[in-house]
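got a sequence here, can you build the structure:
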Amino acid sequence: YITNNLRYSMSREVLLTRTEQFSAAHRLFVRDLSDEENFKIFDKCSWENGHGHNYKVEVRVKGKVDEQTGMVIDIGILKREIQSVIEQVDHKFLDKDVPFFADKPSTVENICIFFWQQLESRLPGGVKMNKVKVHETDKNVAAYKG
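Modelled structure (predicted):
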């Protein structure tokens, strides 16, 4: 009876979320707009010297539970891959230091997309991205599902 239940549960897809943090500065602005137009859109977040946040990023993956390990993915592998992306943004000025943001605003929405694009090809077979959620502040949160 127990063996049948175990096999049944392992044939199901499970969602697994890993949460990490990083700190970064950015300036919200659109290069093709004037400072005045940017200020109308982004207010003080468009100031030339930028501002910073302590971001929280949640990466959710999905996959079947491995019968031998009981896991969707080795959490150490997931942590290592997320950390490799965080190294690209941690303590950086996103608009100046991260090529992804050279031609697009460094909004929390675009930060979600950046993490997704960086991570989706790094996951082992059978494990897929499900959602990236970035907390810019306690009140500003974005999620991307591909």
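
so which strand or helix has the residue nearest in space to the middle of the chain?
Residue closest to the average C-alpha location in the chain (Cα atoms, centre = their mean): residue 115, at 3.9 Å. Here residue 115, judged by DSSP states H and E, is contained in helix 108-119.

same check on residue 131?
Residue 131 is part of strand 128-135, with elements assigned from DSSP H and E.

who does that strand pair up with?
Its sheet considered, strand 128-135 pairs with strand 51-64 (antiparallel), strand 141-144 (antiparallel) by DSSP bridges.

make CSV from those and add mean pLDDT and mean neighbour count to it.
For the C-beta atoms, the positions are set from N, CA and C on the backbone; glycine is no exception. Putting the strands paired with strand 128-135 into CSV (pLDDT from 0 to 100; neighbours: other Cβ atoms under 10 Å) gives the following:
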stretch, mean pLDDT, mean neighbour count
strand 51-64, 97, 17
strand 141-144, 98, 16
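
between the ones you listed, which one is closest to residue 119.
Nearest to residue 119 among those is strand 51-64 (6.4 Å), distances taken as Cβ to Cβ.

which stretches of this protein form helices?
Counting by DSSP state H, the chain has these helices, from start to end: 2-10, 35-42, 75-89, 94-97, 108-119.

pick the most buried one from these.
For the helices of the chain, average neighbour numbers computed from mean count of other Cβ atoms under 10 Å are highest in helix 108-119, which has a mean of 19.

hmm, the residue nearest to the centre of the chain is touching residue 88, no?
No - here residue 115 lies out of contact with residue 88, judged by Cβ atoms under 8 Å, at a distance of 9.7 Å.

quick one: low-confidence residue ranges for this structure.
Within the chain, the ranges that satisfy pLDDT under 70 run 1-11.

follow-up on the earlier one: residue contacts, the residue nearest to the centre of the chain?
Contacts for residue 115 (Cβ atoms under 8 Å, 6 or more residues apart in numbering) come out as 57, 59, 82, 85, 132, 134, 144.

for residue 63, same thing?
Residue 63 touches 13-14, 16, 72-73, 126-128, counting by Cβ under 8 Å, 6+ apart.

for it, give its distance to residue 75.
Distance of residue 63 to residue 75, given as Cβ to Cβ, to the nearest Å: 13 Å.

can you put the contacts of residue 63 in TSV and add distance to residue 38 and neighbour count?
Formatted as TSV, the contacts of residue 63 follow (distance: Cβ to Cβ, whole Å; neighbours: other Cβ atoms under 10 Å):
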residue	distance to residue 38	neighbour count
13	43	12
14	43	14
16	39	17
72	42	21
73	41	21
126	44	12
127	40	19
128	37	13
